[in-house]
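Asker: all I have is the shape, not the residue letters:
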């Protein structure tokens, strides 16, 4: 769990720092809200809700980051 | 259903959740996200739902300058399908229905005043540096096609070097509709006046400005797109906001959809409870009490027969 938890922010920070203020930032509040609400609708206890929400945030964020990296790679040199 | 209803099982292994009156909780959860859970005593979830869902909704509304939640269902090419999702946010989204269905059509007409307009005008005068700001009073009426309202003006001309009192006459004033998107009502016309404190020259020319709209005259107001012209309110909003318009729509739509999850949670309890979920779904917990009826809407495995050994 420890490396997976750190993977997303470690990868995301330099990419987003390099990309600058783009519309991608608008995704972050949505990812957080969706993860928290979805997890809350599945579970009852606050610790479990927060743990599941964090995992979902990392999953969504990691997927988006992978797509972002792919698009950056494809657009290199254009 | 009485408040003393037995606690409903919330999932497989979690403790039962007292849903109190689930129907009332569901209605409250629809009206204000989180309110139904607060009523049920699930305070953590109430705050979480309220912050996340209302934050998304009003965040989206703010990104879209208050113009992205409205209801319009007339022209097939301009139906607000997004509102079908936004609707589920409850009270914050319901004024859009009221604006579209129950307002007098006359309030959406240009250049019409059904009651006296008494407001503070903020405007710019063509060819003059600075901003005119002062009170205007326009009596009700309908000046007719091509003609405008007239009103005396008394206020100040604010420039970077200071402000001077100004007095004059506004004429040929054209007003945006009383009800429209945006918190300010646009006014265009002609100004003929002069500063009153010094002997500088007259201030004459076309003027363009706005007066504030009351909340109930802009919140959820439909964006008019009756003729599909480039100057329609919808096209103006797209030009002014660019992609922020769509972002605002997406934020508010997602807020509504998230509240659907919250409403179901208020009605039936959480889907899984407090057990861990494996790759193939929730792992079964202890068996429910023999003879107890399954609760509707609980996790699929709740209604699945569970063997005495605890495996589904």
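Answerer: Cool, the structure landed. The structure displayed is predicted, hence computed values, not measured ones.
Asker: helices or strands next to the longest strand that chain B contains in the packing?
Answerer: Ranked by residue count, the top strand of chain B under DSSP state E comes out as strand B:162-175. Other elements packing on strand B:162-175 under the criterion 3 or more Cβ pairs under 8 Å, 6 or more residues apart in numbering or on different chains; DSSP states H and E are strand B:131-138, strand B:149-159, strand B:184-195, strand B:203-212. Yep, even glycine has a C-beta here, placed from its N, CA and C like the rest.
Asker: what's the mean pLDDT across that strand?
Answerer: The average pLDDT for strand B:162-175 rounds to 91.
Asker: that strand pairs with which strands?
Answerer: Paired with strand B:162-175 in the same sheet, following DSSP bridges, are strand B:149-159 (antiparallel), strand B:184-195 (antiparallel).
Asker: if we can go back for a sec, output the helices and strands packed on strand B:162-175 in CSV; the columns should cover mean pLDDT, mean neighbour count and distance to residue B:218.
Answerer: Output for those, formatted as CSV (pLDDT from 0 to 100; neighbours: other Cβ atoms under 10 Å in any protein chain shown; distance: least, Cβ to Cβ, whole Å):
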stretch, mean pLDDT, mean neighbour count, distance to residue B:218
strand B:131-138, 93, 18, 19
strand B:149-159, 92, 17, 20
strand B:184-195, 92, 19, 8
strand B:203-212, 94, 18, 9
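Asker: looking at the ones you listed, which is closest to residue A:55?
Answerer: strand B:184-195 (45.0 Å; Cβ to Cβ).
Asker: quick one, that closest one and strand B:203-212 angle?
Answerer: 150 degrees (axes from the mean of the first three to the mean of the last three Cα atoms, to 10 degrees).
Asker: next one: strand B:184-195 to chain centre, how far?
Answerer: 30 Å (Cα atoms, centre = their mean, to the nearest Å).
Asker: again with stretch B:230-238
Answerer: On Cα atoms, centre = their mean, the centre of stretch B:230-238 falls 19 Å from that of its chain.
Asker: and the contacts of that stretch?
Answerer: Applying Cβ atoms under 8 Å, 6 or more residues apart in numbering or on different chains, the contact partners of stretch B:230-238 are B:65, B:67, B:78, B:180, B:181, B:223, B:224, B:225, B:226, B:229, B:245.
Asker: also stretch B:126-146?
Answerer: B:111-125, B:149-160, B:166, B:170, B:173, B:191, B:203, B:205-209, B:211.
Asker: in the stretch 51-200 of chain B, what residue comes closest to chain A?
Answerer: Nearest to chain A, among the residues of the stretch 51-200 of chain B, is residue B:52, at 4.1 Å (Cβ to the nearest Cβ).
Asker: which residues of the stretch 1-150 of chain B score low on pLDDT?
Answerer: Confidence mapping of the stretch 1-150 of chain B against pLDDT under 70 gives the ranges B:1-15.
Asker: which stretches in it count as helices?
Answerer: Listed in chain order, the helices of the stretch 1-150 of chain B (DSSP state H, counting those that start in this stretch) span B:22-31, B:35-39, B:43-49, B:55-63, B:82-86, B:94-102.
Asker: could you measure from residue B:233 over to residue B:224?
Answerer: Counting by Cβ to Cβ, to the nearest Å, the gap from residue B:233 to residue B:224 is 5 Å.
Asker: before we move on, back to that, tell me how far the longest strand of chain B lies from the chain's centre.
Answerer: Worked out by Cα atoms, centre = their mean, strand B:162-175 lies 33 Å from the chain centre.
Asker: which outside residues touch it?
Answerer: With contact meaning Cβ under 8 Å, 6+ apart, strand B:162-175 is reached by B:110-113, B:117, B:132, B:134, B:136, B:138, B:147-157, B:185-198, B:200, B:203, B:207.
Asker: buried sites along it?
Answerer: B:164, B:166, B:168, B:170, B:172, B:173, B:174, B:175 (16 or more other Cβ atoms under 10 Å in any protein chain shown).
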